[in-house]
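**Q** with the input below, show me the fold.
(one chain, ligands or ions: 1)
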Amino acid sequence: MIRVAINGYGNLGRGAEQAISKSEDMELVVVFTRRDPASVTTQGAPVAHVDDMPAWADKVDVCLNCGGSATDLAEQGPAAAAHFTTVDSFDTHAEIPSYFAAVDAAAKGAGHLAIISTGWDPGLFSMLRVLGDSVLPDGTTTTFWGPGVSQGHSDAVRRIEGVLDARQYTLPVAETVDAVKAGEDVELTTRSMHRRDCYVVAAEGADLARIEKEIVEMPNYFADYDTTVTFISAEEMAAKHAGIPHGGTVIRRGLTSDGVAERITFELALDSNPEFTGAVVVAMGRAAARMAARGQTGAHTVFDVTLADLSPKDPAELRAHYL
Ligand code: NDP
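**A** Presented below is the predicted three-dimensional model:
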């Protein structure tokens with residue numbers, strides 16, 4: 001049994017807990033939190049404060065860091081790597097090189113291994129981008145995101161005066177996706193690739209025209225996209241928009257010789273972004289525990305993980321049934 005800790009119990013932490021419950025070779029032994037442990041209720045695992053991590057060093061094979069990328073992981077990644085083999089889903093793409101260096105130094109200093117930036121993007125999508133690029137060097141890769149909820153954009157709409165609640169969906173523009181798949185010479189711009197749909201619960205008597213204008217003209221968030229705004233009741237929001245779906249598509253088109261076109265498409269359609277991301281993080285946790293057991297140390301990424309290490313199945317079984 002691989003003994004697993006979860007560090008940070010939000011959406012992703014709960015998603016990882018759910019995924020561990022479906023993994024027969026893994027058991028959740030503790031959940032770490034920065035909050036009062038008594039205030040956190042899990043599906044059954046004990047809860048400990050992050051300050052108590054050292055006491056768990058010999059009882060945990062891999063710690064899944066489930067904190068947020070915006071502020072939590074810069075501190076949690078290196079801190080947890082001092083005590084455990086770790087896995088995280090750091091997704092601030094531009095900062096991955098410096099985050100890798102910080103975690104690498106902490107992990108090597110303690111003789112531990114860390115796999116950073118797992119999940120689906122970065123994560124599975126990154127693996128497919130490398131695969132497409134390697135197999136079809138004469139080609140281009142395009143990534144579309146959605147349909148899915150963007151928490152950051154939903155929060156931005158909620159901050160507008162008169163808005164009680166909001167949910168923002170990012171959607172790929174279907175015509176552009178089809179054109180890319182067909183290999184047409186289509187212009188790929190922010191507006192041509194994705195659009196944004198907002199569902200808003202407004203306060204009684206609020207100026208709906210002003211709210212809509214503030215949304216569609218919001219710089220950085222909406223101004224560069226075609227955005228629709230639909231006002232709904234709180235009841236409809238609760239009934240139809242409670243989930244956290246997401247997904248996307250990575251398309252690699254390339255030529256193997258003049259006029260001979262090949263296409264790889266990798267698509268994710270997720271009912272629950274955190275549950276799926278948790279499932280990836282847990283599989284990466286299995287790989288991390290195995291790599292650490294073989295004596296590997298330092299920071300790694302999904303590019304260093306083998307499919308055999310991700311799988312709970314025996315390599316002989318994989319050879320017999322999956323090749
Ligand atoms: P949350 O905001 O739900 O949780 C982040 C942290 O906030 C938790 O670890 C928890 O830490 C704390 N927290 C959670 N609930 C509460 C609460 N009620 N009161 C106080 N603190 C709370 O974020 P998510 O779990 O949704 O996302 C985590 C990260 O996952 C994202 O920032 C993103 O970077 C990453 N992600 C990566 C993906 C990928 O494909 N690579 C895909 C999706 C997400 P504590 O228990 O210590 O208080």
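**Q** any stretches of the chain with poor pLDDT?
**A** Scanning the chain for pLDDT under 70 picks out nothing.
**Q** close to the ligand, is stretch 57-65?
**A** No. Stretch 57-65 stays clear of the ligand (CB under 6 Å from any ligand atom), getting no nearer than 8.4 Å. Using the backbone N, CA and C atoms, a C-beta is placed for each residue, glycine as well.
**Q** quick one: contacts of that stretch?
**A** 2-8, 13, 16, 29-30, 32, 53, 73, 76-77, 80, 83-89, 281-282, 285-286, 288-289, 292-293 (CB atoms under 8 Å, 6 or more residues apart in numbering).
**Q** so which bits of the stretch 101-250 of the chain are right by the ligand?
**A** Looking at the ligand, the residues of the stretch 101-250 of the chain close enough under CB under 6 Å from any ligand atom are 119-123.
**Q** rerun at 5 Å
**A** Residues of the stretch 101-250 of the chain lying near the ligand by CB under 5 Å from any ligand atom: 119-121, 123.
**Q** any of the contacts of stretch 57-65 buried? List them.
**A** 2-8, 13, 16, 29-30, 32, 53, 73, 76-77, 80, 83-89, 281-282, 285-286, 288-289, 292 (16 or more other CB atoms under 10 Å).
**Q** what's the spacing between Gly295 and the ligand?
**A** Distance of Gly295 to the ligand, computed by CB to the nearest ligand atom, to the nearest Å: 27 Å.
**Q** next, that residue: secondary structure please.
**A** coil (DSSP: H, G, I helix; E, B strand; the rest coil).
**Q** just give me the neighbour total for it.
**A** 8 (other CB atoms under 10 Å).
**Q** now Val177: how far from Val30?
**A** 43 Å (CB to CB, to the nearest Å).
**Q** could I get the residues of the stretch 101-250 of the chain next to the ligand as JSON lines with distance to Pro219, secondary structure and neighbour count?
**A** Below are these laid out as JSON lines (distance: CB to CB, whole Å; DSSP: H, G, I helix; E, B strand; the rest coil; neighbours: other CB atoms under 10 Å):
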{"residue": "Gly119", "distance to Pro219": "28", "secondary structure": "coil", "neighbour count": "26"}
{"residue": "Trp120", "distance to Pro219": "28", "secondary structure": "strand", "neighbour count": "24"}
{"residue": "Asp121", "distance to Pro219": "24", "secondary structure": "coil", "neighbour count": "21"}
{"residue": "Gly123", "distance to Pro219": "30", "secondary structure": "strand", "neighbour count": "20"}
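**Q** Gly247 reaches Gly148, doesn't it?
**A** Yes. Using CB atoms under 8 Å, Gly247 is in contact with Gly148, at 5.7 Å.
**Q** overlap in contacts of the two?
**A** Residues within reach of Gly247 and of Gly148 at once, by CB under 8 Å, 6+ apart, are Leu270.
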